[in-house]
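Peer 1: how does the following fold in three dimensions:
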Amino acid sequence: MRPPILKDFPDEFETERLLIRSPLPGDGPELHAAVRESLDELLPWMPWPKEHGTVDDSEASARRARVRFLERTELRMHLFLKGTGDLVGSSGLQGIDWSVPKFEIGYWSRTPLAGRGYATEAVRGIAAFAFDTLDAKRVEILCDPLNRPSARVAERAGFRLEGELRNESVGTDGSIRNTLVFSLTPNDRHGG
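Peer 2: Numbers count the residues shown, from 1 in each chain. Presented below is the predicted three-dimensional model:
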C-alpha cells in the first residue's frame with residue numbers, strides 16, 4: 001500500500017449550495033466567530049470548542065488541520081456558502097484507516113445557519129467524496145443518542161443505524177454515555 005501522504009486528491013469540491021474545502025491559513029477569524037456563537041450547541045457534545053478561546057487559537061487550529069490534511073491523517077473540511085463565502089461550519093473525515101479504507105464523518109453547523117440542511121448536504125457530499133475519490137469501503141457517523149439533531153443528519157444522509165454502544169464514552173459533563181453507530185457502504189449507495 002502506498003503511504004497515505006502520497007495520495008493525491010482535491011483540496012476542495014462543491015455541492016449544490018456549499019464549497020467544501022480544506023482549512024487554510026487565514027480561516028481563523030471566521031472559524032473563531034462561528035465556534036464562539038455556537039458554543040451553547042457544541043459544548044454539550046464536544047470538548048474541542050473550549051480550545052477556541054481567541055482568534056489565534058482558531059487560526060492555529062485551522063493551520064494544524066491543514067497540516068493533517070496534507071499528511072492525510074485527518075481530512076477536516078470547512079463549509080462555505082457558495083456565493084457569499086460565509087462559513088457554515090465544519091465537517092470532514094477522521095478516524096481514518098487507509099488499509100480498508102474507512103472513515104468517520106464528524107460535523108457541526110454554525111448556530112444561526114443550523115436547521116437549513118447544510119450539515120446533511122455536507123455529509124452527503126463528503127461521503128460521496130470518500131467513496132468516489134478515496135475508494136472508501138465504509139463511512140461511519142458516531143453520535144450520542146441524546147444528540148437528536150446529529151442523529152437526524154445521519155438518518156437523512158442515508159446512513160444505517162448499526163447499533164448503540166452502551167457505556168462507551170464519557171460525556172463533556174463527565175457522565176458515562178452511549179454512542180450510536182451509523183454506517184454507509186458502497187452497497188448501501190447502490191441499493192445492495
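
Peer 1: use CA for all of it now, contacts and neighbours both
Peer 2: Will do.

Peer 1: helices of this structure, start to end?
Peer 2: Taking DSSP state H to define them, one finds helices in the chain at 28-36, 39-42, 55-71, 118-132, 148-156, 186-189.

Peer 1: I'd like those as CSV, with distance to Gln94 appended.
Peer 2: CSV is the format used below for those (distance: least, CA to CA, whole Å):
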stretch, distance to Gln94
helix 28-36, 19
helix 39-42, 18
helix 55-71, 10
helix 118-132, 11
helix 148-156, 16
helix 186-189, 18
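
Peer 1: mean pLDDT lowest for which of those helices?
Peer 2: Of all these, mean pLDDT reaches its minimum on helix 186-189 (a mean of 90).

Peer 1: tell me the buried residues in that one?
Peer 2: Neighbour-count burial for helix 186-189, counted by 16 or more other CA atoms under 10 Å, picks out Pro186.

Peer 1: try stretch 113-132
Peer 2: 118-131.

Peer 1: turn those into CSV, columns for distance to Ala62.
Peer 2: CSV is the format used below for those (distance: CA to CA, whole Å):
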residue, distance to Ala62
Tyr118, 21
Ala119, 19
Thr120, 22
Glu121, 22
Ala122, 18
Val123, 20
Arg124, 23
Gly125, 21
Ile126, 19
Ala127, 22
Ala128, 24
Phe129, 21
Ala130, 21
Phe131, 25
